[in-house]
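Enquirer: Predicted structure and sequence below. I'll ask about it afterward.
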Amino acid sequence: MNGRRFLQRKWWMKCVALLGLLVSITVGGVASALGDNAMSVLPKEEESDIVIVIKDKAFHVIKGGSPNPYHPLFLMEAGLDHIITIRNEDDVAHEFVSPYFRDVEVQLSGDATMVFPDDAAGFRIDPGKSVTLRFRAPELPKGQDVIQKLFWCDIHGKDPLSKMRGEIVLSRTQLEIE
Ligand SMILES: [Cu+2]
């Protein structure tokens, strides 16, 4: 009986090892295609048009917006599909919430839990984890070319003067950050 159980375990171990090999081949392929910084870049971040790193209790928009951690901001075009990756590099949990996400259907992958503070919706990301959000940005109301909505961390960013607050800019046509 014990022998049989051992064999079964061995069979599983082979499967896990094979899976591990496949994963490392895939990651290796992506890594060599990306060059030197590849190991710190998840494949999902490559597909994302917006990448936000949370570090030192601040949002750093490293792709798709303004990198200034004192005024984080990112851009989206109305009616188009967007992919946002958020990576928490701090050793405490943070949140990424906005009234914007109340009315948007989001496809989530990675490690995060949905949270629903007052009049907003969003995601709690544990230390060292990251999440990817896929969704279609809503259309703008007639006569409006740009709308702005706040986003914040509902744990550290409730105070209007706090650093963990930023802006989402939704526009009819593509805008550039100067
Ligand atoms: Cu926070």
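Expert: Received, thanks.

Enquirer: how about the residues of this protein near the ion?
Expert: 94, 153, 155, 156 (Cβ under 5 Å from the ion). For glycine as for every other residue, the C-beta is placed from the backbone atoms N, C-alpha and C.

Enquirer: May I see the domains of the chain written out as residue ranges?
Expert: Here the domain parsing of the chain from automatic domain parsing is 2-40, 43-171.

Enquirer: Mind putting those into a markdown table with mean neighbour count?
Expert: Below are the domains of the chain laid out as a markdown table (neighbours: other Cβ atoms under 10 Å):
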| stretch | mean neighbour count |
| --- | --- |
| domain 2-40 | 10 |
| domain 43-171 | 17 |
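
Enquirer: could the ones you listed go into CSV alongside mean pLDDT?
Expert: Below are these laid out as CSV (pLDDT from 0 to 100):
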stretch, mean pLDDT
domain 2-40, 43
domain 43-171, 93
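
Enquirer: In a markdown table: those, plus distance to residue 177.
Expert: Formatted as a markdown table, the domains of the chain follow (distance: least, Cβ to Cβ, whole Å):
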| stretch | distance to residue 177 |
| --- | --- |
| domain 2-40 | 22 |
| domain 43-171 | 5 |
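
Enquirer: Now do the helices in the protein.
Expert: 2-34, 43-47 (DSSP state H).

Enquirer: Now do the contacts for residue 60.
Expert: 52, 53, 54, 67, 69, 72 (Cβ atoms under 8 Å, 6 or more residues apart in numbering).

Enquirer: pretty sure the fifth one contacts residue 162?
Expert: No. With contact defined as Cβ atoms under 8 Å, residue 69 and residue 162 do not form a contacting pair (11.9 Å).

Enquirer: beta partners of residue 94?
Expert: Beta-bridge partners recorded for residue 94 (DSSP bridges): residue 125.

Enquirer: In this structure it contacts residue 124, no?
Expert: Yes. If you go by Cβ under 8 Å, residue 94 and residue 124 touch, sitting 7.5 Å apart.

Enquirer: Quick check: chain neighbours aside, which residue is closest to residue 45?
Expert: Nearest non-adjacent residue to residue 45, counting by Cβ to Cβ, 6 or more residues apart in numbering: residue 85, 4.9 Å away.

Enquirer: actually residue 108, not the one I wrote
Expert: Among residues not flanking residue 108 along the chain, residue 133 sits closest, at 5.9 Å (Cβ to Cβ, 6+ apart).

Enquirer: who's in contact with that neighbour?
Expert: Contacts of residue 133 by Cβ under 8 Å, 6+ apart are 83, 84, 85, 86, 106, 107, 108, 123.
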